[in-house]
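> Predicted model and sequence below, questions to follow.
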Amino acid sequence: MTAPFGRRRCPVIEREELGAYVVLAVADEAVPARPGQFYMLAAVAGWGGGEAERPFLARAISALAAHGDGRVAFLLEDVGPGTHRLCELEADDELWLVGPLGRGFEPPELEPLLVGGGVGIPPLAMFQQAWGGRALGGFRDGAHALGARLLHDPQVATDDGSVGYHGYVTDLLERELDSATGRICVYACGPPAMLDAVRSLTAAHGVPAWIALEAPMACGFGACFGCVVATLDGYKRVCVDGPVFEAAMLA
Amino acid sequence: MIELCGIELAHQVINASGCFDVLAARAVFGDALIEEFPFAAYVSKTVTLEPRAGNPPPRLWETAGGMVNSIGLPNPGIDAYLETHLPEHVKLGVPLLTNVMGSSEDEFAALIERLAGREEIAGIELNVSCPNVATGLDIGADPAGIRGLMRRVRPLTSKPLIVKLTPNTADVTACAIAAEQAGADAVSLINTLRAMALAPGGVQPWLGGGTGGLSGPAIRAVALAQVASVAASVAIPVIGMGGVSSGADAAALLDAGARVVAVGTESFRDPAAGRRIARELATRFAENTA
């Protein structure tokens, strides 16, 4: 299914704080997103004039849930002028939305093992809702670890040890890979350092992995060529060739 | 109908080269892209003789009211463009303009010879914002460079030749006059302004290409000044662009003497921006003539 052409104006239905994050539910009658797909988001009012007179461009944000009931949800963390403005939005404020965009995850053929870090949880939460799979979630601290509530029955790791395992989620992944008996496939989304570790661990264990990447992008629909990532097949646009890539294809 | 050096256009809004990829957009938006295509003509991304991978990332930097890009003109090369891209562009049903860039007069000539016989192509836009491999200077940075290039390529085709002027020059109007005198059918301006961004907290450039080009509303006032100056100095049509985000912005460039306007960065923020801007222009025209 294709996305509606152009940006559309959609009201915020609900804003909920979840520890260090904000969950925005937005009314949207368009096609539902697949796990791993994203939207370009911009506030209709007050987009610009923040830190350094930004934001200007829309922000690429993964879908958190698309229930097919006329709403889509997003998990936000205030990390810059764009996400700061998005986190301020309240019910009835309006968003410009383009999407759903990108190539999401394909249904799993092997037993899925989901590895998420921080604000990278949403694609995996959608994956788990659609196709199941055990989940590992890594977070900085207790406030961020509330994001684990988006996953079903996850193993949690925190950098400061305040919740769950004290250390990196990739330590939990390594244990799983060491003890795996059947054939599994890893699905991951999170910060670059975590994804690098997921790539090397899965490669060392001969386990396939699919990774949802994040990249700054101007358009989200293949026009600007700004979001490329190096792959064995040359530069690829994260927005239209991804954001989900086979780990073994990344250079 | 609007006439642009012999090409008939349904309205006055086209895209800026490099700011709309029809193949990718068709995959994302489906047939609606063709049914609701926003532009009265489609200008291709820059095509070169050989394939180019483009610059290493990061390629983007957001600024106040705009962005700096260092994309590096990735493209599949002229052969793949003609074989696989152009047939898809034809489906749009609007006149097609092919933007080309060479790093020497010979390269430009080779590109234009490849395009001259293709009936699908209504016109050719020359991207002269590129260093000449022989001199290191941008081909389009001075009137002599433009005159030399036009004399070399003008005899090669009867198709309209549009020179895309660079704003990174001492006197853009002198460059436009040189293009006209050497046989250009139109000029388009402004291209992006050379710009730079530093990595957070550091002395190092942020962009993989070192420097890039600034676009968006941040350059709108520069575009207006350059378009007004050029339009007052040449008789050939002017395609005006630079930070156009609304019908009012487009009208300002038209009032300054542009024949048509191009939309670039605003299409990143709204894929259908061109349609909205054309509609706002039409409403404005209807109100002014009522």
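Yep, that arrived.
> Which secondary structure state is assigned to the nearest residue to B:Ala251 once chain neighbours are set aside?
Spatial nearest neighbour of B:Ala251, chain neighbours left out: B:Arg284 (5.7 Å); criterion: Cβ to Cβ, 6 or more residues apart in numbering or on different chains. No exception for glycine: its C-beta is placed from N, CA and C like everyone else's. Per DSSP: H, G, I helix; E, B strand; the rest coil, the secondary structure class of B:Arg284 is helix.
> what sits against B:Arg284?
By Cβ atoms under 8 Å, 6 or more residues apart in numbering or on different chains, the contact set of B:Arg284 is B:Gly247, B:Ala248, B:Ala251.
> Tell me the buried residues within those residues.
Among the contacts of B:Arg284, the ones that count as buried by 16 or more other Cβ atoms under 10 Å in any protein chain shown are B:Gly247, B:Ala251.
> Among the contacts of B:Arg284, which lie within strands?
Of these, none are assigned to strands by DSSP state E.
> want to throw the contacts of B:Arg284 into TSV with pLDDT?
Output for the contacts of B:Arg284, formatted as TSV (pLDDT from 0 to 100):
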residue	pLDDT
B:Gly247	98
B:Ala248	97
B:Ala251	98
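> Pick out whichever of the contacts of B:Arg284 sits closest to chain A.
Nearest to chain A among the contacts of B:Arg284: B:Gly247, at 15.9 Å, using Cβ to the nearest Cβ.
> Now that closest one: closest residue in space, sequence neighbours ignored.
B:Gly247's closest residue in space is B:Glu280 (Cβ to Cβ, 6+ apart), at 2.4 Å.
> got it, and A:Ser62?
The shortest distance from A:Ser62 to any non-neighbouring residue, by Cβ to Cβ, 6+ apart, is to A:Pro122 (4.3 Å).
> What residue in the stretch 51-200 of chain B comes nearest to chain A?
For the stretch 51-200 of chain B, Cβ to the nearest Cβ, closest residue to chain A: B:Ala64, 3.4 Å.
> Could you list the low-confidence segments of the stretch 51-200 of chain A?
A:67-68 (pLDDT under 70).
> which strands and helices sit next to the strand or helix carrying B:Leu214?
Taking DSSP states H and E as the criterion, B:Leu214 maps to strand B:212-215. In terms of contacts (3 or more Cβ pairs under 8 Å, 6 or more residues apart in numbering or on different chains; DSSP states H and E), strand B:212-215 is packed against strand B:66-69, strand B:193-195.
> Now do the SS call for the residue in the stretch 1-150 of chain B that chain A sits nearest to.
The nearest approach of the stretch 1-150 of chain B to chain A comes at B:Ala24, 2.6 Å away (Cβ to the nearest Cβ). What three-state DSSP gives for B:Ala24 is helix.
> For it, give me its contacts.
Neighbours of B:Ala24 in contact, by Cβ under 8 Å, 6+ apart: A:Phe221, A:Gly222, A:Ala223, A:Arg237, A:Val240.
> Now, the residues you listed that are in strands?
Taking DSSP E as the definition of strands, the contacts of B:Ala24 contribute A:Arg237.
> The residue nearest to B:Gly247 is in what secondary structure piece?
B:Glu280 belongs to helix B:273-289, assigned by DSSP H and E.
> Please save the CA atoms from that helix in PDB.
Only the C-alpha atoms of helix B:273-289 are listed here, as PDB (Å, rounded to 0.1, in the frame of the first residue of the first chain):
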ATOM      1  CA  ALA B 273       4.100  21.800  -2.300                       C
ATOM      2  CA  GLY B 274       4.300  22.600  -6.100                       C
ATOM      3  CA  ARG B 275       0.600  22.000  -6.500                       C
ATOM      4  CA  ARG B 276      -0.300  24.200  -3.500                       C
ATOM      5  CA  ILE B 277       2.000  27.000  -4.800                       C
ATOM      6  CA  ALA B 278       0.500  26.800  -8.300                       C
ATOM      7  CA  ARG B 279      -3.000  26.900  -6.800                       C
ATOM      8  CA  GLU B 280      -2.100  29.900  -4.600                       C
ATOM      9  CA  LEU B 281      -0.700  31.700  -7.700                       C
ATOM     10  CA  ALA B 282      -3.800  31.000  -9.700                       C
ATOM     11  CA  THR B 283      -6.000  32.400  -6.900                       C
ATOM     12  CA  ARG B 284      -3.800  35.400  -6.600                       C
ATOM     13  CA  PHE B 285      -4.000  36.000 -10.400                       C
ATOM     14  CA  ALA B 286      -7.800  35.600 -10.400                       C
ATOM     15  CA  GLU B 287      -8.100  38.100  -7.500                       C
ATOM     16  CA  ASN B 288      -5.900  40.600  -9.200                       C
ATOM     17  CA  THR B 289      -7.700  40.500 -12.500                       C
END
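> buried ones in that helix?
In helix B:273-289, counting by 16+ other Cβ under 10 Å, buried: B:Ala273, B:Gly274, B:Arg275, B:Arg276, B:Ile277, B:Ala278, B:Glu280, B:Leu281, B:Arg284.
> swap in stretch A:50-58?
So for stretch A:50-58, counting by 16+ other Cβ under 10 Å, buried means A:Arg54, A:Pro55, A:Phe56, A:Leu57, A:Ala58.
> Distance from the chain centre to that stretch, please.
Relative to the chain's own centre, stretch A:50-58 is displaced by 22 Å; criterion: Cα atoms, centre = their mean, to the nearest Å.
> neighbouring contacts of that stretch?
With Cβ under 8 Å, 6+ apart as the test, stretch A:50-58 has contacts from A:7, A:40-42, A:47-48, A:80-82, A:84-85, A:96, A:98, A:217-218, A:220, B:62-67, B:216-217, B:268-269.
> One more: stretch A:65-72?
With Cβ under 8 Å, 6+ apart as the test, stretch A:65-72 has contacts from A:13, A:25-29, A:32-33, A:39, A:63-64, A:73, A:97, A:100, A:122, A:125-126, A:129.
> now with 7 Å?
With contacts defined as Cβ atoms under 7 Å, 6 or more residues apart in numbering or on different chains, stretch A:65-72 is touched by A:Ile13, A:Ala25, A:Val26, A:Ala27, A:Asp28, A:Glu29, A:Pro32, A:Ala33, A:Ala63, A:Ala73, A:Met126.
> who wins for neighbours among the residues you listed?
Compared across the contacts of stretch A:65-72, A:Ala33 has the highest neighbour count, 28 neighbours, by other Cβ atoms under 10 Å in any protein chain shown.
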